[in-house]
Structure formats: structure tokens, C-alpha cells
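Chemist: Using only what follows, build the 3D model:
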Amino acid sequence: MEDKVLKAMQDAGKPVRPGDVAKALGVDGKEVSKAIDALKKAGKVHSPKRCYYEPTA
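Modeler: Prediction:
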């Protein structure tokens, strides 16, 4: 799931909200939020502004 979320963020090309990623992937928002938390802990995504996330590199 984390790989799919990261890919969706990269494809968006701009900071996205978890709900937008969930809609794009057709999955539950809670699953996306869990994946984003894991990606944040791994340092793969960051939040440029409240409730928006983007890949770090």
C-alpha cells in the first residue's frame, strides 16, 4: 500500500491530501493515512502545509 500511495503522490506532482490519494487509488482513506504515517516515519514524505503531503525526494 505504501508503494501505491507514494507513486500516486509522485504522479500528482504537487502536495496532496490523503483523501485525494484514497480517491485516486479507490481505497479507504484510513488505509492511506496509515501508509502516509509509515512513509513519514521512513522519511519518504513530508508535509509542506497542514493536511497536505508530498514525496521528500
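Chemist: what helices or strands is the longest helix along the chain leaning on?
Modeler: Secondary structure of the chain per DSSP state H: the longest helix is helix 29-41. Applying 3 or more CB pairs under 8 Å, 6 or more residues apart in numbering; DSSP states H and E, one finds that helix 29-41 contacts helix 2-12, helix 18-25, strand 45-49. Using the backbone N, CA and C atoms, a C-beta is placed for each residue, glycine as well.
Chemist: One more pass at 7 Å, please.
Modeler: helix 2-12, helix 18-25 (3 or more CB pairs under 7 Å, 6 or more residues apart in numbering; DSSP states H and E).
Chemist: With mean pLDDT and distance to Ser33 added, can I get those helices in CSV?
Modeler: Converted to CSV, those look like this (pLDDT from 0 to 100; distance: least, CB to CB, whole Å):
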stretch, mean pLDDT, distance to Ser33
helix 2-12, 96, 10
helix 18-25, 96, 5
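Chemist: okay, the ones you listed in a markdown table with distance to Lys44 and mean neighbour count next?
Modeler: Converted to a markdown table, the helices and strands packed on helix 29-41 look like this (distance: least, CB to CB, whole Å; neighbours: other CB atoms under 10 Å):
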| stretch | distance to Lys44 | mean neighbour count |
| --- | --- | --- |
| helix 2-12 | 6 | 16 |
| helix 18-25 | 14 | 17 |
